[in-house]
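Enquirer: how would this look folded up:
(2 chains)
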Amino acid sequence: MTITDDRADASAPELEIGKARARKEDQRLITGRTRWTDNIQLPGMLHLAMVRSPFAHARITSINTDEARQSPGVVGVVTGEDIKDGQGLVMTAWPLNNEQKSPDHLPVVIDHVACAGEIVAVVAARTAAEARDAAELVDVDYEELPAVLDLKEAVKDEVLAHPDLGTNTSAVWTLDSAAQGSGTDVEDEIAKAREDGIVLEREFRQQRLIPSFMEPRSTVCDPTGEQMTVWSSTQVPHILRFFVAATTGIPESKVRVIAPDVGGGFGGKLQTTPEEFATIAVARRLGKPCKYTETRSESLLSGHHGRDQWQKLTLSARKDGTVTGLKVELLADLGAYVGVVGGGTPVLGAWMFNSIYKFAAYHFTVRTLLTNKTWVDAYRGAGRPEATFAIERMMDELAAELGRDPLEVREQNWITHDEFPFTSVAGMTYDSGNYEAATAKATELFGYDELRDEQRRRRESNDPVQLGIGISTFTEMCGLAPSRILGALNYGAGGWESATIRMLATGKVEVITGTSPHGQGHITSWSQIVADRLGVPFEDVEVLHGDTQIASKGMDTYGSRSLVVGAEAVVRAADKVIEKAKPIAAHLLEASVDDIEFTAGRFGVKGTDKGLGMAEVALAAWTGHNLPDGIEPNIDGEATFDPDNFSFPHGTHLCAMEVDTETGATTMRKYVCVDDIGTIINPLIVEGQVHGGLVQGIAQALWEGAEYDDQGTLVTGSFVDYTLPTSADTISFVTDHTTSPSTYTTLGTKGVGEAGAIASTPAVVNAIVDAVRPLGVDDVVMPCTPERVWRAIQAGRAVSTEGERDAQPHFDEDTPNQDPGASSPGSAGSAGSSGTTSDGSQS
Amino acid sequence: MTRINVTVDGVSYSDEVEPRTLLVQYLRESLGKTGTVVGCDTSNCGACTVHLDGTSVKSCNVLAVQADGHEVTTIEGLATDGELHPVQQAFHECHALQCGYCTPGMIMQACDVLKHNPDPSEQEIREGLEGNLCRCTGYHNIVKAVQQAAGAMSSQAVSS
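Expert: This is a model prediction of the structure:
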C-alpha cells in the first residue's frame, strides 16, 4: 500500500494544511458571546431539579410529593411511576455477547435504586431556585439493601448489585492469539519461560476517575413545536436522537437534537443520560419547555466515571530479554449499569496490551462486573490507557529484572520501521510507524544520557531527593471505526462518518460534518482541509455541526475519530464537488471534460491558459442559465466514509520525576514527548490536544481518584475532594513530532485527541518507581500521593533490611490481593512482593 | 427582596433581588450576562470570575446584595470599542482555550494577575491562576498567553 498525498503541487499557493492557524472558534468564546445549553431561555420555560437517592442500594417503599407540590412556583413533581410508559430507557450500544447481563436502566427509577445519585423524582418550577427548594421537600422512604462496592468482592457473588440477575458478572470476553491464529499459545510460552527464562507476574490497579469536563451537563427540551427540540451538552447528538426515538416511541423524524457550544467531554458526554431522558419526559408531560442543569456535585456523582480495573499481568521472556508471551486478566467495574459503550470500553484495550512489542503469544480476558456505584464508561482513551499503563509498567519491570536500561529492552522488542505493515499478535495490522525515529528525537530533547548520569550521582551520594526517569513508548488504535469490525464485535451501530459540502452562489462554502466538536477546533481544521482541497480561501469556509436538522447523518465525536474518519468524509465530499463542477466548467470553457484539470481552485484546459475559478462555476451552477444537457444545477457534494482499518499513532514520552525520599513528595522536573500522529493539519491545535491529554494522564498518576466510603457514598463528590490539577501543580512541556502518514486515509492523519492521556500515566509512575527502586520499591498504587510514595519507601526498606526479597513473586490463588497498597485506600506498596509485610511502614 | 444598584459593564441597573441571590446568578439570570458561567458549587473552579471594583472575585462567592453600590466588569465588558483586550488577543493567538468554558474566568483572573504584577515569571503566573481550573489545555498555552499579554501590555504602556 502506498501513501497517497495528491494535494496541490509545490507551484501552487501556500497550503493551509500544516499551518498553525489561530482558531475561528475563539472570537465568541473569548468575548463571552457563548451558546452553552444553560444560557438558553425559552418563553414559559420551567426549571427542573432532581431528587436523588442518597443510598447505594435500596428499595423505594413510598414517595410523598404533597409538600413539594405546594411549594411556591412548583408546576409539577414527577416520579418514575408517573412516566413509566414514556420515559424511555438508558441503553447500551455494545453488548459484548448475547449472554451479557444488562439491568434495565430507567431514567427515573420506580422501586429499585442501584447506586447513590439515581433520580427518584423530578420537580418542575418557575425558577431553578424554586425547583431546588421544593426538591428538598419530597419525602422518600427507602429500605436499604446490602451494597456491593468492591470489585474483588463483586466477583464472589455473595452480595448482588441487582439481585434479580443472580450474578454480578455482566460478561466475560476473551481474545486468544492461539485460537484466532495470530500467535502461539500463551500457556506454552509461560511454561517454557518458567523452565528457562523469565516470568513476571504483577497486579496493577486502574483507579476510578471522573472525566470532569468544565461545563456541567445541561439539557433543554422544547416539546411545543412540530418537532420536539432537545438542546443538550453532549458529544453525541446523533446517538441521543436515535436512542430517544428507539426507546420512547417518538418517531425519529419528530426529534431534533442540538449540541450547541459544549464545554468539554473527554468521553464524559459520550452518553445518553438519565437526566436527558427525564427532562424530555417531564417536558412532554407538562407540555412546556424545560431546562435541567446539574450542579458540579451532581455531575461528579451521576455523570459516568472512567477506568476502574484490576489488571493481572503475566509476561514471559527469554533470558536475553526477548518477550515471548503476555497474559492479561482484567476485572472491570461497570458500576450499577452498562453504559452506552461501558461494557466495550475495557475491550477497546484488548488489542493494545501487546502494544508495539513482538510477542509470540497473547491471551486477554476481561470479566465485567456490576456494582452499586456510579456507572463507568468511556474516559479519554477508553480501554487504551489502561492497556498502555500495564504494558509500559511491565516493560520497566522486565528491564529491572534484567538489570538493563528500559529503553534498550523496549528497542530489543519493538517492531522496527522496516517491518511495517505489521500484523500484531492480537491480530491488528499496524500500517505505518517509526518507533526508532520518535525515540531518537525524544531522548535528544530530553537529555536522556545526562539525566541518567545525574540519577547515578544522586544515588551514589544518597541524596534524599532521588531522580527517576520514566519511559512510555506507546501506540493506540484510533479512528473508530470500520463498521464491519464493529458488527463482528456485536456493536449496535456503524463507525462511518458523513459530510456534505454546499457551494453557495457567492462562492462561499458550507461544510456540514457529522462530527460534534466540543473544544477540538474542527471548524478551523476542516476549513484548512477544504481550503486546500477546493482552492478557496480559508476565510470563505463555514463549518456547520451538532444539529441533527442540519447535519442529519453523523456518528459524533469520540475515540480520536473525527479527523481520521470525519475529515476523510469531508475530503471525499470535496472531491465530489470537483467532479460535479468539471462538466459545467468544460461546457463554459468549450472544452472536453477530459481536458479539464483542477488545480489550486481553478478549472483549466490542458495546454491553454483558459480557466474558471471554483466560485465562477458555483455561480454558473446556481443560475443554471448555461449548463450542459442532462446536468443538474447543483455542484454540492456528499460523502459517507467507512474506514478500512484503525489508525495507529504512537510516540515516545519521557518523564523525569524528583522524589523526596524523606517525605514522599514528588516533583515533575521535565516532560518530553515526541508523537507520530501522521500528517498534521494544524500544529497549534495538535499541541493543545497533546498538552491537555498529558495533564489528564499525569493527573491519574499523581492526584485523581474517585473514592467511596463503605456505605457507597462518593466521598470525592466535589472539586474540594476530587482534586483536578491546577496551573500551579503542572509544568510546561516539550512536545515534538515525527511523521509517518497513515496509509488508509487521503490526508494521512492518525488522530491525536487521546494520545497524551494514554501515554503519560505510565511515564510518570515509571519515573517515580525508577527513582526509588534501589530502596526496594517496585510499584506505587495510583494516584501516587506523597503518603503512598512514603509508605512504599518504608515498605521497601523493611524488605531490604528484614528479609530476602522475592525477585519473581507469583500469584497465590488463595490470597485475594497481594498488592498491599490496594487493601486500604491510604496505603501503598510493592505489587506482588510476598516478602513485604503489611506493617513494613512501622520499621 | 432587597433593592440593589449595580453598574455592570458600564450600564447601571437597579433591581429587587432575593438576599440569597449570588452575584453570578444575578448576572446570568437577571441581566442576561451569560458570558460569565458556573463550573462548580464549591468556589474551586473560578469559571465565574469577574472584577468587582477592578479586583477579581469569584462571583459565586459574592452575594448580589454585596455588589450594591459597586462596579462589576464581566468578560463581556472587557473589549473596548470592538478592540480585544490584550489578554483576550493573546488567548486567541496562543491557543489558550479549547472548549472555552473556563476561558471567561481565566481571562478575568489573568487580567488581575497582570494588574498586580505586570512582568510575572512563569511560576508567578501559575500561582496567580491557581484558583481557576481548566480541563482542556493543561495550562501550558494559558501560561504562554499571559506571558505574551504581559509583553504586549508593557509595550503598550511604553508607547502611550
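Enquirer: for stretch A:483-498, what is the average pLDDT?
Expert: The average pLDDT for stretch A:483-498 rounds to 95.
Enquirer: So A:Ile40 is in contact with A:Trp231, correct?
Expert: Yes - applying Cβ atoms under 8 Å, one finds A:Ile40 in contact with A:Trp231, separated by 5.8 Å. Heads up, the C-betas are built off the backbone N, CA and C, glycines and all.
Enquirer: So which of those two has more stuff around it?
Expert: More neighbours surround A:Trp231 than the other of A:Ile40 and A:Trp231, with 27 against 19 (other Cβ atoms under 10 Å in any protein chain shown).
Enquirer: is it true that the more buried one touches A:Asp38?
Expert: No - A:Trp231 lies out of contact with A:Asp38 (Cβ under 8 Å); the separation is 9.7 Å.
Enquirer: so what's in contact with the two at the same time?
Expert: A:Ser218 (Cβ atoms under 8 Å, 6 or more residues apart in numbering or on different chains).
Enquirer: circling back to that earlier point, what touches both of A:Ile40 and A:Trp231?
Expert: A:Val220, A:Pro260.
Enquirer: How about the closest residue to chain B within chain A: what's its closest non-neighbour residue?
Expert: Residue of chain A nearest chain B, by Cβ to the nearest Cβ: A:Gly32 (1.9 Å). Spatial nearest neighbour of A:Gly32, excluding adjacent residues (Cβ to Cβ, 6 or more residues apart in numbering or on different chains): B:Gly35 at 1.9 Å.
Enquirer: Am I right that the one you found is in a helix?
Expert: No - secondary structure of B:Gly35 (DSSP: H, G, I helix; E, B strand; the rest coil): coil, not part of a helix.
Enquirer: tell me the contacts of it?
Expert: Listed by Cβ under 8 Å, 6+ apart, the contact partners of B:Gly35 are A:Thr31, A:Gly32, A:Arg33, A:Thr34, B:Thr74, B:Ile75, B:Glu76, B:Pro104.
Enquirer: what does A:Gln235 give?
Expert: A:Gln235 sits in contact with A:Ala259, A:Val262, A:Gly265, A:Gly267, A:Lys269, A:Leu270, A:Ser516, A:His518, A:Asp556, A:Thr557, A:Tyr558, where contact means Cβ under 8 Å, 6+ apart.
Enquirer: Please apply the same query to A:Asn682.
Expert: Going by Cβ under 8 Å, 6+ apart, A:Asn682 touches A:Gly18, A:Lys19, A:Ala20, A:Arg21, A:Gly521, A:Thr524, A:Ser525, A:Gln528.
Enquirer: Give me the neighbour count for the residue nearest to B:Thr137 when sequence neighbours are not counted.
Expert: Once flanking residues are discounted, B:Thr137 sits nearest to A:Gly692: 5.4 Å by Cβ to Cβ, 6+ apart. By other Cβ under 10 Å, the residues close to A:Gly692 number 27.
Enquirer: A:Gly692 touches A:Gly756, doesn't it?
Expert: Yes - between A:Gly692 and A:Gly756 there is a contact under Cβ under 8 Å: 6.7 Å.
Enquirer: coming back round to it: the residue nearest to B:Thr137: what's it in contact with?
Expert: With contacts defined as Cβ under 8 Å, 6+ apart, A:Gly692 is in contact with A:Gly756, B:Gln98, B:Arg135, B:Cys136, B:Thr137, B:Gly138.
Enquirer: List only buried entries from those residues.
Expert: For those, a burial check counting by 16 or more other Cβ atoms under 10 Å in any protein chain shown picks out A:Gly756, B:Gln98, B:Arg135, B:Cys136, B:Thr137, B:Gly138.
Enquirer: Please list all residues in contact with the closest residue to the first one other than its chain neighbours.
Expert: Spelled out, that is A:Gly756. Residue nearest to A:Gly756 in three dimensions, not counting chain neighbours: A:Gly693, with 2.3 Å by Cβ to Cβ, 6+ apart. By Cβ under 8 Å, 6+ apart, the contact list for A:Gly693 reads A:Arg380, A:Gly753, A:Glu754, A:Ala755, A:Gly756, A:Ala757, A:Ile758, A:Ala759, A:Ser760, B:Gly138.
Enquirer: Report the mean per-residue pLDDT for stretch A:587-606.
Expert: Averaging pLDDT along stretch A:587-606 yields 97.
Enquirer: Please list the residues outside that stretch that contact it.
Expert: Residues from elsewhere that reach stretch A:587-606, judged by Cβ under 8 Å, 6+ apart: A:8-9, A:12-13, A:534-536, A:578, A:581-583, A:585-586, A:607-608, A:610-614, A:616-617, A:620, A:626-628, A:631.
Enquirer: What about those residues, which are in strands?
Expert: Among the contacts of stretch A:587-606, the members found in strands (DSSP state E) are A:Gly611, A:Leu612, A:Gly613.
Enquirer: Specify which member of the residues you listed is nearest to A:Met395.
Expert: Comparing the ones in strands among the contacts of stretch A:587-606 against A:Met395 with Cβ to Cβ picks out A:Gly613 as the nearest, at 55.3 Å.
Enquirer: Number of residues surrounding that closest one?
Expert: Number of residues near A:Gly613 (other Cβ under 10 Å) recorded here: 16.
Enquirer: now the one 10 residues further on
Expert: When neighbours are counted by other Cβ under 10 Å, A:Thr623 registers 10.
Enquirer: measure the closest residue to chain A within chain B to B:His70 for me?
Expert: Ranked by Cβ to the nearest Cβ, the top residue of chain B for proximity to chain A is B:Gly35, at 1.9 Å. From B:Gly35 across to B:His70, the span is 19 Å (Cβ to Cβ, to the nearest Å).
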